[in-house]
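Colleague: Next come a sequence and a model predicted from it.
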Amino acid sequence: MLKTVAEIASVLAGFRPEALIIAGSAGGVDALLKLLPQLPPRFSLPVICILHVPGDRESRLAELFDARLIAPVKEAHDKLPVAGYTVYFAPAGYHLSIERDRAFSLSCEAPVHFARPAIDVLLESAADAYGPGLAAILLTGANADGAAGMARVHQRGGLTVVQDPADAQASTMPESAIKRCPPALVLSLAQIGALFPLLEKS
Amino acid sequence: MLIEAVYLKYNYDFRDYTGASQKRRVLHALAEMKCATVSELQSRVMHEPTAFAQLLQYLTIPVTEMFRDPEYFAALRTQVVPLLETYPSLKVWVAGCSTGEEVYSMAIMLHEEGLLERTLIYATDINQASLDAARRGVFNLDKMRLYTENYQKAGGKRAFSDYYTAAYDGALFDRFLTENVTFADHSLSTDSVFAETHLVSCRNVMIYFNKRLQDRVLGLFHDSLCHRGFLGLGTKESLEFSSYASRFDVVARRERVYRKSAQ
């Protein structure tokens, strides 16, 4: 595991992210509560958050975080253009994708890994839309969703960051992703927070 | 490519469907139909009509539930029904009705509000197999628990089980619900308006369309709706980014119920 900011910065040197996706499942709300307040003020990238949430009721995540963050927080709706300086949350009960015209789209296709929204669906579509311009962070979770998506992000030249399984509340999700395709960075939650300002500058 | 070829040969137009979900569905079809490449799939589909019928099932998405987003049906009951009651006869269009869950939900709601007898419901879809399933009105018994919960949250006035007979693993819905329903093959991409309607319900259908096709479809609905007619969309859809935003008034913002503007 990399330790210093200088080491992390050297890995980031080749990347120019245009969008950031942060994904997780079990333990993800706690992780985001620690992580998102560390976003620098006026962080210029769109930050798209996706957690596994039950499909049978409205997700309140956007409201929850809107009250805690300086940046505007929105729920991603169909055909909403993806804009910078904004934090988005995937709604419950739909798959979320990003289209090539950089707008969100929703879909009621069957759940993937028993999840809707599924992390793989968002990451795979965003990897197609942004290519090397995508940075993706995969956090704690108790199933293997996200592993295929992170592999696609890597394959398309994007930056992949996975939470250190030892640091994660549930280790299956980060472990599965690391096993499937070694990420550019494996970091603790604290180090991921320190990564944000570097993403904007890289 | 494949989608263009399907249009030219079979006249099913998927060219303005959104990219990401269409790509997933074509990849899914490749795996299920055991084709190594898209061009292999394309040549099979071009030469075997049965392969096309199979592909069509993958390209369209028959995943829906009864009384999905119960608050939508609750909003129709409280804010739309009182105005629909003023008409001597009604026409309702459920566009992209898939396997019929939305149609039966609408019929049950209208029945409980005393409007079903004087309502004609047009239930349209491009997928003939889905329409056949919708006509049969048999739904998976496993789903009835979820549907009952949804029905109750939607302001249901009875026991949901009054509407169906359980047999084996299926729930057969009562025939009277579809007596005034016309199930019809209609493409939102290529067909035109066929009737004047008082309410159009088209939920989670246009999420699969790009903005151009979405605008075409909203144009169809606008033309079909009578003066001050109602339009219901899925709860994460919006008119906001369409060119029809100014031609509808908001009735219930969260529930996505709109009304054709007066001008």
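Modeller: Thanks, I have the structure now. Numbers count the residues shown, from 1 in each chain, chains lettered A, B, ... in the order given.

Colleague: Get me the contact residues on chain A for chain B.
Modeller: Contact residues (C-beta under 8 Å from any C-beta of the partner chain) of chain A with chain B: A:56, A:75, A:77-81, A:91, A:94-95, A:97-100, A:103, A:105-110, A:121, A:124-125, A:128-129. The C-beta positions use only the backbone N, C-alpha and C, and glycine is treated the same way.

Colleague: Now the buried members of these.
Modeller: A:75, A:77-80, A:91, A:94-95, A:97-99, A:103, A:105-109, A:121, A:124-125, A:128-129 (16 or more other C-beta atoms under 10 Å in any protein chain shown).

Colleague: now, which of the residues of chain A next to chain B lie within strands?
Modeller: Using DSSP state E, A:75, A:95, A:97, A:98, A:105, A:106, A:107 are the members of the residues of chain A next to chain B that sit in strands.

Colleague: distance between stretch B:25-37 and the chain's centre?
Modeller: How far stretch B:25-37 lies from its chain's middle: 26 Å, per C-alpha atoms, centre = their mean, to the nearest Å.

Colleague: Ok, stretch A:99-111 next?
Modeller: 16 Å.

Colleague: How about stretch A:131-145?
Modeller: Worked out by C-alpha atoms, centre = their mean, stretch A:131-145 lies 5 Å from the chain centre.

Colleague: Could you do stretch A:41-48 as well?
Modeller: So, by C-alpha atoms, centre = their mean, the centroid of stretch A:41-48 is 12 Å from its chain's centroid.

Colleague: how long is it from one end to the other?
Modeller: 16 Å (C-alpha to C-alpha, to the nearest Å).

Colleague: Average pLDDT for it, rounded please.
Modeller: What stretch A:41-48 shows for mean pLDDT is 96.

Colleague: buried set for it?
Modeller: Across stretch A:41-48, burial judged by 16+ other C-beta under 10 Å covers A:43, A:45, A:46, A:47, A:48.

Colleague: Which of the residues you listed sits closest to chain B?
Modeller: residue A:48 (13.7 Å; C-beta to the nearest C-beta).

Colleague: low-scoring stretches of chain A, by residue?
Modeller: In the predicted model of chain A, residues A:1-3, A:202 satisfy pLDDT under 70.

Colleague: Tell me who's in contact with the residue in chain B sticking out farthest from the centre.
Modeller: Relative to the centre of chain B, and counting by C-alpha atoms, centre = their mean, the farthest-placed residue is residue B:36 at 32.7 Å. Shown in contact with residue B:36 (C-beta atoms under 8 Å, 6 or more residues apart in numbering or on different chains): residue B:30.

Colleague: ok, now how distant is it from chain A?
Modeller: Between residue B:36 and chain A the distance is 20 Å, computed by C-beta to the nearest C-beta, to the nearest Å.

Colleague: What ranges does chain A have for its strands?
Modeller: A:19-24, A:47-51, A:73-75, A:87-89, A:95-98, A:104-107, A:134-138, A:159-163, A:185-187.

Colleague: I figured residue A:196 hits residue A:41, correct?
Modeller: No. Residue A:196 is beyond contact range of residue A:41, at 10.9 Å (criterion: C-beta atoms under 8 Å).

Colleague: and residue B:46, how many neighbours?
Modeller: For residue B:46, the neighbour count with other C-beta atoms under 10 Å in any protein chain shown is 16.

Colleague: what's the spacing between it and residue B:175?
Modeller: Distance, residue B:46 to residue B:175, by C-beta to C-beta, to the nearest Å: 40 Å.

Colleague: With residue B:14 instead?
Modeller: 34 Å.

Colleague: So which of these two has more stuff around it?
Modeller: Relative neighbour count places residue B:14 above the other of residue B:14 and residue B:175, with 22 against 8, counting by other C-beta under 10 Å.
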